[in-house]
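> Test case, fold it:
(2 chains)
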There are 2 protein chains.
Amino acid sequence: MVDIGSDLARVFHPRSVAVVGASASFGKWGQMIFSNIVAGKFPGRIFPVNPKETSLYGLKVYPRMQDIAEEIDLAIVTTPAATVPGVLAACGEKGVKGVVLITSGFGETDQAGKQLEREIVALCRAKRIRLIGPNTMGILSPHSSLFATGTHSRPRTGEVAFVSQSGNLGNQLIHWAENQNIGISLFAGSGNEAMISCVDYLRYLEEDPRSRLITLYLENIADGRAFLETAVRVNRSKPIVVLKGGRTEAGMRAAASHTGSMGGRDAIFRAACRQAGVALVNEPLELLELSAGFSSLPLPKGNRVGIVTLGGGWGVVTADACNERGLQVPSLPDGMVAEIGRLLPDFWSRGNPVDLVGTRDLEVPLVAVESLLKWDGVDSVISLGIVGRVEMVRLLLQSTREVDPQAQPAVLDELEAMAEAYEVKYVQRIVELMERYEKPVLGVSLARSDKGVVRSVPGGKYSGVFYQSPESAVQTLASMAAYARFLER
Amino acid sequence: MVDIGSDLARVFHPRSVAVVGASASFGKWGQMIFSNIVAGKFPGRIFPVNPKETSLYGLKVYPRMQDIAEEIDLAIVTTPAATVPGVLAACGEKGVKGVVLITSGFGETDQAGKQLEREIVALCRAKRIRLIGPNTMGILSPHSSLFATGTHSRPRTGEVAFVSQSGNLGNQLIHWAENQNIGISLFAGSGNEAMISCVDYLRYLEEDPRSRLITLYLENIADGRAFLETAVRVNRSKPIVVLKGGRTEAGMRAAASHTGSMGGRDAIFRAACRQAGVALVNEPLELLELSAGFSSLPLPKGNRVGIVTLGGGWGVVTADACNERGLQVPSLPDGMVAEIGRLLPDFWSRGNPVDLVGTRDLEVPLVAVESLLKWDGVDSVISLGIVGRVEMVRLLLQSTREVDPQAQPAVLDELEAMAEAYEVKYVQRIVELMERYEKPVLGVSLARSDKGVVRSVPGGKYSGVFYQSPESAVQTLASMAAYARFLER
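Have a look, this model is predicted:
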């Protein structure tokens, strides 16, 4: 017998979707999710279900599930809790494979809610329906163009799977992932996990060829032993990154009040995760930062870092962050000093960090990065301020634009365009260098950018990753190095 | 005799400025800084000095300092190191009060450079010239419309003073401060601190009525004892926030290579700072985050926090962060539960964090925040997801805009406008509440925003502060609570 819990392919890659409770009233869940699925251009059939409507956005509306003649893989249900057993029974009749139950008012409320939750789980088990939720904000499956959440987020199709026990937190992080150009294979708001639990997601993702990295926001783990056993196994082939809410007394109380169940003892959980090589983070945005690195870069083979910087202060700050997170910043041997020194003014730093001392020769940063990469004394490179310089160039040009009547706008525009073109070329060369040397290069832009952290290169095995601050780069690198060490054990 | 080191008023608020080395060649320091000063609309007289030019941007250019008849308060010098003694001698003749020496090639290079640096310091002392730098990227003095750096940054005029021993890092942080709407009273790239040291800046800022908060990026402190003695005193009236570069072996090596001098032992420095109540941060962006809070909010009188959240998961994450940084999240007494509960569905969290359970009544968040503020059980409030919701509303509307032919764009636009208007009103009310209860409210937007962290309200004693992530809010609050504790000792 196939374990229905981990057989989620038809949920995330359905051929047809029914939306029970689909509506035209803005602000209702049945409107938000339905309009988002339609706007997302889901390529399969979409069946809105609502006895009070006949047509929505040009699609025929069915009064009840039973009125649909075609096969339905996935039903998304938004109708009130009291109606849910009836809807699920109809789903069972129709042979629906999976249900995403948005509706709240179950185990997260009171004893009656818990009882109702037990009933619907029994109903789904009997009919072999995979039940996601209840009390979820939905799922995303970019590879199948299925965008079944309330908010219009369109993250890039990619290899990061994200399962979140908090819907709001999940939705907002997905929105950020879109802004940061992080590729997503799957998002599931797992809600109350009445049937499909975080362990089931892990088992499914272990086999899912589209997912290479697994990120989890967890508050309550119903079966801690099963979770850790599964995580230990899955983490060997696909790195797992966990943000555990409820690490402290206040956090645990907060989690208990909004999910209705009590989390386990944190210290034991954390120790077990570390043992299993699972990366733990403390902040929601760190989930994204680690996702960007793990999914875009080769793993470092050790913890030694070469630093290339435009600006001495940033080099100092980065070196400090490396040492504080257990990464080494080895001194350069004389041969390296001579090699890199040929490119730089006499008074350069002669060490690691390599301070480019404001050099304007555009080849120098690339040569410096490559010199470090081919040296067997470091396992990775952090490159600061080169991508991102275009923002500084723009600021430099701004005053001239405003006050110099002799300056030709076309010439200034060209300078800006050159800076932008250089960034594109730099990213491409960095991706090539990572492939040649199989060492990660983590960029730090030191500037706000609307291009996002991940910069894809057509045909590239890896992608460029450019964080806004050194700390993000260092933390990600430290986690990747720890994971690489774990794999070698 | 007045201590010339701390008498910097004429440097930061000059009546006239000479730019020695002013140039029309884009890319030269003499062009960047000169064009920036002119573009910044400095209201005093500006005298470009360059024997090879006659006119720049409509201003008469003088061959030498001596050729200027008028009095000059400040000279900004960008000519090569070898020319500097002559330029300083001319400045001395003219009675120039201060020099910002951009030029590098002094103490940060070799023995000859160190010797030259000693000579120019002696020259300045003899002529009572206050020397900033050398090897600095310039200064900003927004209250006097003096923008004497290379990059076109225009931070809001405000009360945060920032002194940085790294020019690049300083410039980039100022650019970020502008984006985040953090008000700046003064920025100084202090360069090699050959004469005016971080201790002098502290002494000057202690008396500067425009500065209420002092932020420092330091790598090397020439006189540790004087620094700490001064910091202890100044910190009692104006909070000091320090990022110390060179905390680790790698960072110290990096700092030594780019400034030419060795930092002190970090552990002792840190212990002394803690003793003195000086806030220490580890990341450049934290300097800005703390600046935003300290300069915009009342100090909390203790470490107890009330949390109001849209979304349970964010409440959990924030409660964890509070506990992990020594802040308490007290349970609500029955009276409070009843009071807040009147506004919320039955199944609300009944505790702290107060989870607004997706309520759409726009008054509820404000009532919840005020209920907490007037309760004597908390000293501060963190409010999550209310400002920032407009971004989510936009995402909700996007799908409808794309697929619903019946939806009237004007109606959707009005919904969006309402959400925006509510945010403006919310910020205003929060500022009023802070003034009424003299407790800080730290917002978390959970969304990227181009409005920046600080939102000023006309006539407000305080400003709204809305961080992107809970961690930033919690860290700032913890630092402010620690400072308040220090003041009470």
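> ok, and for the helix or strand where A:Phe227 lies, which residues are buried?
Under the criterion of DSSP states H and E, A:Phe227 resides in helix A:224-237. Neighbour-count burial for helix A:224-237, with 16 or more other Cβ atoms under 10 Å in any protein chain shown as criterion, is recorded at A:224, A:226-228, A:230-232, A:234-235. Where C-beta positions appear, they are placed from N, C-alpha and C, glycine not excepted.
> Columns pLDDT and distance to chain B on top of those, output as a markdown table?
Converted to a markdown table, those look like this (pLDDT from 0 to 100; distance: Cβ to the nearest Cβ, whole Å):
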| residue | pLDDT | distance to chain B |
| --- | --- | --- |
| A:Gly224 | 88 | 18 |
| A:Ala226 | 93 | 22 |
| A:Phe227 | 94 | 18 |
| A:Leu228 | 92 | 20 |
| A:Thr230 | 95 | 22 |
| A:Ala231 | 94 | 20 |
| A:Val232 | 92 | 25 |
| A:Val234 | 96 | 23 |
| A:Asn235 | 96 | 23 |
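> how much space between the most far-flung residue of chain A relative to its centre and chain B?
In terms of distance from the mean C-alpha position of chain A, A:Gln406 ranks first, at 48.5 Å (Cα atoms, centre = their mean). With distances taken as Cβ to the nearest Cβ, to the nearest Å, A:Gln406 is found 7 Å from chain B.
> so after the helix holding A:Phe227, what's the next helix or strand?
Criterion used, DSSP H and E; the element after helix A:224-237 is strand A:240-244.
> how far is that following strand from where the chain is centred?
Offset of strand A:240-244 from its chain centre (Cα atoms, centre = their mean, to the nearest Å): 11 Å.
> now swap in stretch A:314-328 and tell me
Here stretch A:314-328 is found 25 Å from its chain centre; the criterion is Cα atoms, centre = their mean.
> Please put the alpha-carbon coordinates of that stretch into CSV.
Coordinates of each C-alpha in stretch A:314-328 appear next as CSV, following Å, rounded to 0.1, in the frame of the first residue of the first chain:
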residue,chain,number,x,y,z
TRP,A,314,33.9,46.5,4.4
GLY,A,315,36.7,44.0,4.3
VAL,A,316,37.3,44.5,8.0
VAL,A,317,33.6,44.0,8.9
THR,A,318,33.5,40.9,6.7
ALA,A,319,36.6,39.4,8.1
ASP,A,320,35.2,39.9,11.6
ALA,A,321,31.9,38.3,10.7
CYS,A,322,33.8,35.3,9.2
ASN,A,323,35.9,34.7,12.3
GLU,A,324,32.9,35.1,14.5
ARG,A,325,31.0,32.4,12.6
GLY,A,326,33.9,29.9,12.6
LEU,A,327,35.2,30.7,9.1
GLN,A,328,38.9,31.3,8.5
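> hmm, which helix or strand of chain A has the shakiest average pLDDT?
Of all helical and strand segments in chain A, the minimum by mean pLDDT, DSSP states H and E falls on helix A:249-259, at a mean of 83.
> Show me what counts as buried in it.
So, applying 16+ other Cβ under 10 Å, buried residues of helix A:249-259: A:250-259.
> list the buried ones in the helix or strand following it?
Counting by DSSP H and E, the element after helix A:249-259 in chain order, helix or strand, is helix A:266-275. Neighbour-count burial for helix A:266-275 flags A:266, A:269, A:272-273 (criterion: 16+ other Cβ under 10 Å).
> One more: stretch A:33-43?
For stretch A:33-43, the neighbour count (16+ other Cβ under 10 Å) marks A:33-40, A:42 as buried.
> again with stretch A:51-68
For stretch A:51-68, the buried set under the neighbour-count rule, 16+ other Cβ under 10 Å, comprises A:53, A:56-57, A:59, A:61-62, A:65, A:68.
> How about stretch A:294-305?
Those would be A:294-300, A:302-305, for stretch A:294-305 by 16+ other Cβ under 10 Å.
> Just those: which are in strands?
Those of the buried residues of stretch A:294-305 mapping onto strands are A:Val305, per DSSP state E.
> Mind putting the buried residues of stretch A:294-305 into CSV with distance to A:Phe26 and pLDDT?
Below are the buried residues of stretch A:294-305 laid out as CSV (distance: Cβ to Cβ, whole Å; pLDDT from 0 to 100):
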residue, distance to A:Phe26, pLDDT
A:Phe294, 38, 98
A:Ser295, 35, 97
A:Ser296, 38, 98
A:Leu297, 42, 98
A:Pro298, 47, 98
A:Leu299, 47, 98
A:Pro300, 49, 98
A:Gly302, 55, 97
A:Asn303, 52, 97
A:Arg304, 56, 98
A:Val305, 51, 98
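> Pull out the buried positions in the lengthiest strand in chain A.
Criterion DSSP E: the longest strand present in chain A is strand A:157-164. For strand A:157-164, burial by neighbour count (16+ other Cβ under 10 Å) applies to A:158-164.
> Stretch A:198-210 too?
A:198-206, A:208, A:210.
> residue in the stretch 51-200 of chain A nearest to chain B?
Nearest residue of the stretch 51-200 of chain A to chain B (Cβ to the nearest Cβ) works out as A:Ser166 at 2.3 Å.
> contacting residues around A:Thr149?
Contacts were defined as Cβ atoms under 8 Å, 6 or more residues apart in numbering or on different chains; by that measure A:Thr149 touches A:33, A:36, A:137-140, A:171, A:174, A:187, A:189.
> any idea which of those residues is closest to A:Ser469?
Proximity of the contacts of A:Thr149 to A:Ser469 (Cβ to Cβ) peaks at A:Ile174, which lies at 22.0 Å.
> Where does the closest one sit, in terms of helix or strand?
helix A:167-179.
> can you give me the mean pLDDT across that helix?
Mean per-residue pLDDT for helix A:167-179: 94.
> After it, which helix or strand is next?
Next along from helix A:167-179, by DSSP H and E: strand A:184-189.
> Return that following strand as CSV; C-alpha atoms alone will do.
C-alpha atoms of strand A:184-189 as CSV (Å, rounded to 0.1, in the frame of the first residue of the first chain):
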residue,chain,number,x,y,z
ILE,A,184,10.6,28.1,-5.8
SER,A,185,9.6,24.5,-6.6
LEU,A,186,6.7,24.4,-4.2
PHE,A,187,5.1,26.3,-1.3
ALA,A,188,2.7,24.7,1.1
GLY,A,189,0.9,26.5,4.0
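> Which residues does it contact?
Residues contacting strand A:184-189 (Cβ under 8 Å, 6+ apart): A:12, A:132-133, A:136-143, A:149, A:155-164, A:166-167, A:170-171, A:174, A:177, A:201, A:205, A:208, A:210-212.
> and what of stretch A:269-283?
Among residues not part of stretch A:269-283, those counted as contacts by Cβ under 8 Å, 6+ apart are A:221, A:224, A:228, A:231-232, A:235-236, A:239-244, A:247, A:287, A:290, A:479, A:482-483, A:486-487, A:489, B:317, B:320-321, B:324, B:469-471.
> Would you mind writing the PyMOL command to select the buried ones in those?
Buried subset of the contacts of stretch A:269-283, written as a PyMOL selection, criterion 16+ other Cβ under 10 Å:
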select buried, (chain A and resi 221+224+228+231+232+235+239+240+241+242+243+244+247+287+290+479+482+483+486) or (chain B and resi 317+320+321+324+469+470+471)
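> Which elements pack onto the least confident helix or strand of chain A?
Helices and strands touching helix A:249-259, by 3 or more Cβ pairs under 8 Å, 6 or more residues apart in numbering or on different chains; DSSP states H and E, are helix B:312-324.
> quick one, what contacts A:Leu343?
Residues in contact with A:Leu343 (Cβ under 8 Å, 6+ apart) are A:359, A:361, A:364, A:367-368.
> if we can go back for a sec, Throw the contacts of A:Thr149 into JSON lines and include distance to A:Tyr426, thanks.
Output for the contacts of A:Thr149, formatted as JSON lines (distance: Cβ to Cβ, whole Å):
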{"residue": "A:Ile33", "distance to A:Tyr426": "41"}
{"residue": "A:Asn36", "distance to A:Tyr426": "37"}
{"residue": "A:Met137", "distance to A:Tyr426": "39"}
{"residue": "A:Gly138", "distance to A:Tyr426": "38"}
{"residue": "A:Ile139", "distance to A:Tyr426": "37"}
{"residue": "A:Leu140", "distance to A:Tyr426": "32"}
{"residue": "A:Asn171", "distance to A:Tyr426": "34"}
{"residue": "A:Ile174", "distance to A:Tyr426": "29"}
{"residue": "A:Phe187", "distance to A:Tyr426": "31"}
{"residue": "A:Gly189", "distance to A:Tyr426": "38"}
